[in-house]
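Engineer: Sequence and predicted structure, then a few things I'm wondering about:
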Amino acid sequence: QVQLVESGGGLVQTGDSLRLSCAASGSTFSSLVMGWFRQAPGKQREFVAAISRTGSSTYYADSVKGRFTISRDNAKNTVSLQMNSLKPEDTALYYCAARSGVLITDAHRWDYWGQGTQVTVSS
């Protein structure tokens with residue numbers, strides 16, 4: 001089992017930055033692909049970013065490419081999402097996720113989830 005705990009959400013204005021963090025426990029962190037997803041009210045959960053086990057590969061949704069950066073620290077069992085130039089459409093509940101397989105974007109195929117942290121961007 002893997003436990004994931006997110007932190008760092010909040011209320012910001014358009015153009016501001018936020019850094020989300022996710023602390024993992026219960027398994028060998030370096031064996032897991034890590035990702036961030038988000039879900040806005042009335043919408044399906046969508047892929048935001050993912051990072052490979054070593055951190056050598058990253059993948060982003062087109063909507064956040066160039067603004068968000070995912071990173072991981074295998075020594076501290078953490079994964080982060082640096083979000084810059086935030087827009088109102090980035091408002092959502094952000095989830096940290098983990099899986100044992102390859103890096104994919106389909107939320108239904110991720111194995112472990114955190115409880116989420118709210119990000120609200122005001123215009």
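Structural biologist: Noted; the coordinates are in hand. Residues are numbered from 1 along each chain as shown.
Engineer: How about the residue nearest the centre of the chain: what's its closest non-neighbour residue?
Structural biologist: For the chain, the residue nearest the mean C-alpha position is residue 36 (2.1 Å; CA atoms, centre = their mean). Leaving out its chain neighbours, the residue that sits closest to residue 36 by CB to CB, 6 or more residues apart in numbering is residue 48, at 4.4 Å. From N, CA and C alone the C-beta is placed, and that goes for glycine too.
Engineer: which parts of the helix or strand harbouring that neighbour are buried?
Structural biologist: Using DSSP states H and E, residue 48 maps to strand 46-51. Going by neighbour count (16 or more other CB atoms under 10 Å), the buried part of strand 46-51 is 47, 48, 49, 50, 51.
Engineer: And the next helix or strand after it, what does it pack against?
Structural biologist: As assigned by DSSP H and E, the chain's next helix or strand after strand 46-51 is strand 58-60. Applying 3 or more CB pairs under 8 Å, 6 or more residues apart in numbering; DSSP states H and E, one finds that strand 58-60 makes contact with strand 46-51, strand 68-73.
Engineer: rerun that using 10 Å as the cut-off
Structural biologist: On a contact count with 3 or more CB pairs under 10 Å, 6 or more residues apart in numbering; DSSP states H and E, strand 58-60 meets strand 33-39, strand 46-51, strand 68-73.
Engineer: The residue nearest to residue 36 and residue 40 touch, don't they?
Structural biologist: No. Taking contacts as CB atoms under 10 Å, residue 48 lies outside contact range of residue 40: 11.6 Å.
Engineer: Which neighbours do these two have in common?
Structural biologist: By CB atoms under 10 Å, 6 or more residues apart in numbering, residue 48 and residue 40 have these common neighbours: 90, 92.
Engineer: for residue 45, what are its contacts?
Structural biologist: Applying CB under 10 Å, 6+ apart, the residues near residue 45 are 37, 38, 39, 92, 93, 95, 97, 107, 108, 110, 113, 116.
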